[in-house]
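model the structure of this input:
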Amino acid sequence: MLVDVMQFITNTSAQFLWRRLGDENGRPLYTYDQDEPGKSNCRGECTRDFVAFAAPGHARAMGDWGLLRRPEGIVQWTYQGRPLYRYTGVDPKGEPAGGGGNNENNDLPEYHDPGSSVYSPKPGWRRAAYTPEKTIKVPAGIELRSMMVANGYALVTADAGKTIYVFDDAVGSLNPLEWAPVPAPLFSVKIIGDFSVVVREDGKRQWAYKGKPLYTFRADSAKNDIRGLDAGVAARVALVYKHYIPDSVAINSYPRRGPLMVKKDDGMTIYTQTRYHLQYGGRQWREGYRYTYLDAKGVGVEGCTEACTNTWRPFLAPDDAHSSGFWEVAVRPDGTKQWVFRGAHLYTFARDTKPGDIY
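Residues are numbered from 1 along each chain as shown. Here you go, the predicted model:
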């Protein structure tokens, strides 16, 4: 899997409707409408504008990622069967705005494919989207959804979108007032991928993923709730894919407060800095404060320098850090590197003294 060259950029502050693939420098990768599965039809003059996204000699196909040998001898990456390309010109600025194609910063691209959320330099070309949910088969009643609070693609119920959990260790009798098994059909079903059916002691059938029975937590009342992690048992969210996260970062859950992104070594809360915009709802409300990628990116390292850093301490990245996934690396005026998440530069607050503080 191309962990080092994948860039997933959200197009909306509210939810992740679309993500793009990018190269090691974060530039978008593209697909060509006239290509066929596992075959490139971009040849000759076409390759002047779009060059094959070449794979290194040691690359191996895996999962959604495949390899295609072109007539000129280049080995090209494919994603879900579609060949990937780089654009040799200047990529259209900005990111797609979900559904309507509006761009709040008026950085309109050269071409916008009507009816889609994908900006591209020319008709017939699209920014390559990251869509693992297309190739992961799940049983009826279960869906795959990206959950930032769980840092990955999680299994959820199709009807209410409730988070699904697993237990790494064998558990005794779970409180039925708190935990509900994810029900499987009463009759025989065809096994789907890593899913199977287990029969409980009471005779009821329950879905399992990679051999681990699946449960929901009754106190989870909305999408992205993960209150089951605070229930006093060793539950974890059932993840199919994990998003990249730096080694120095953790996501901790705090009772009556919810998940917080923190420094792994001391548990101090991590903050973002974005442009001000009027928004109703408190920062501690459920998804009560949101920001767009472009708003956050517009602040840059200049948002907090000199005396400001005495109060807001830049969350530094190691010298060998590189961008991956939702994470980017920025260089500060003093030459140090700073972590950037979804476009926002990250800081800790000097007056926070213990894990869970959000002063």
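
what residue ranges in the stretch 51-200 of the chain score low on pLDDT?
Across the stretch 51-200 of the chain, the stretches falling below the confidence threshold (pLDDT under 70) are 93-119, 188-190.

90 instead, please
57, 62-63, 90-124, 126-127, 129-138, 140, 145-149, 168-174, 185-194, 200 (pLDDT under 90).

and the strands in it?
In the stretch 51-200 of the chain, the segments counted as strands under DSSP state E, counting those that start in this stretch are 65-69, 75-79, 82-83, 85-87, 111-112, 119-120, 125-127, 142-147, 152-157, 164-167, 179-181, 195-199.

want to throw those into CSV with distance to D334 and mean neighbour count?
Placement of C-beta: from N, CA and C, glycine included. As requested, these are arranged in CSV below (distance: least, Cβ to Cβ, whole Å; neighbours: other Cβ atoms under 10 Å):
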stretch, distance to D334, mean neighbour count
strand 65-69, 38, 16
strand 75-79, 37, 20
strand 82-83, 42, 26
strand 85-87, 33, 21
strand 111-112, 40, 16
strand 119-120, 35, 25
strand 125-127, 35, 23
strand 142-147, 35, 19
strand 152-157, 34, 21
strand 164-167, 44, 21
strand 179-181, 51, 18
strand 195-199, 51, 16
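
would you convert these into TSV that also reports distance to K242?
Putting the strands of the stretch 51-200 of the chain into TSV (distance: least, Cβ to Cβ, whole Å) gives the following:
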stretch	distance to K242
strand 65-69	16
strand 75-79	18
strand 82-83	23
strand 85-87	27
strand 111-112	33
strand 119-120	28
strand 125-127	23
strand 142-147	11
strand 152-157	4
strand 164-167	14
strand 179-181	24
strand 195-199	19
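
relative to S173, which of the ones you listed is closest?
With distances scored as Cβ to Cβ, the stretch of the strands of the stretch 51-200 of the chain nearest to S173 is strand 179-181 (9.8 Å).

so which elements touch that closest one?
Contacting strand 179-181 under the criterion 3 or more Cβ pairs under 8 Å, 6 or more residues apart in numbering; DSSP states H and E are the following elements: strand 215-217.

after the strand it packs on comes which helix or strand?
Heading C-terminal from strand 215-217, the first helix or strand you meet, by DSSP states H and E, is strand 235-237.

contacts for that following strand?
Identification of contacts with strand 235-237 by Cβ atoms under 8 Å, 6 or more residues apart in numbering yields 147, 150, 152, 154, 163-168, 215, 217, 226, 228-229.

and the strands in the stretch 251-359 of the chain?
258-263, 271-272, 312-314, 316-317, 327-331, 337-341, 344-349.

quick revisit: out of the contacts of strand 235-237, who's nearest H277?
M147 (24.8 Å).

which residues does the closest one bridge with?
Taking DSSP bridges, one finds G152 as the beta-bridge partners of M147.

quick one, what contacts it?
Listed by Cβ under 8 Å, 6+ apart, the contact set of M147 reads Y153, A154, V156, T163, N224, I226, V237.

quick one: it from V299, how far?
As for M147, its distance to V299 is 26 Å (criterion: Cβ to Cβ, to the nearest Å).

what's across from H345 in the sheet?
Counting by DSSP bridges, H345 is bridged to V340.

now for the residue nearest to the spatial centre of the chain: which residues touch it?
Among the residues of the chain, the smallest C-alpha distance to the mean C-alpha position (Cα atoms, centre = their mean) belongs to H243, namely 5.4 Å. Contacts for H243 were tallied using Cβ under 8 Å, 6+ apart; they are F8, S146, M148, N151, G152, Y153, G325, F326.

can I get the CA coordinates of the top helix by length along the chain in PDB?
Of all the segments of type helix in the chain, defined by DSSP state H, the longest one is helix 293-299. In PDB, the C-alpha atoms belonging to helix 293-299 read as follows (Å, rounded to 0.1, in the frame of the first residue of the first chain):
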ATOM      1  CA  TYR A 293      -9.000  22.800   4.700                       C
ATOM      2  CA  LEU A 294      -8.500  26.000   2.800                       C
ATOM      3  CA  ASP A 295      -9.300  28.200   5.800                       C
ATOM      4  CA  ALA A 296      -6.800  26.400   7.900                       C
ATOM      5  CA  LYS A 297      -4.200  26.200   5.200                       C
ATOM      6  CA  GLY A 298      -4.500  30.000   4.700                       C
ATOM      7  CA  VAL A 299      -3.200  30.700   8.200                       C
END
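
before I go, just wanted to say thanks for your time.
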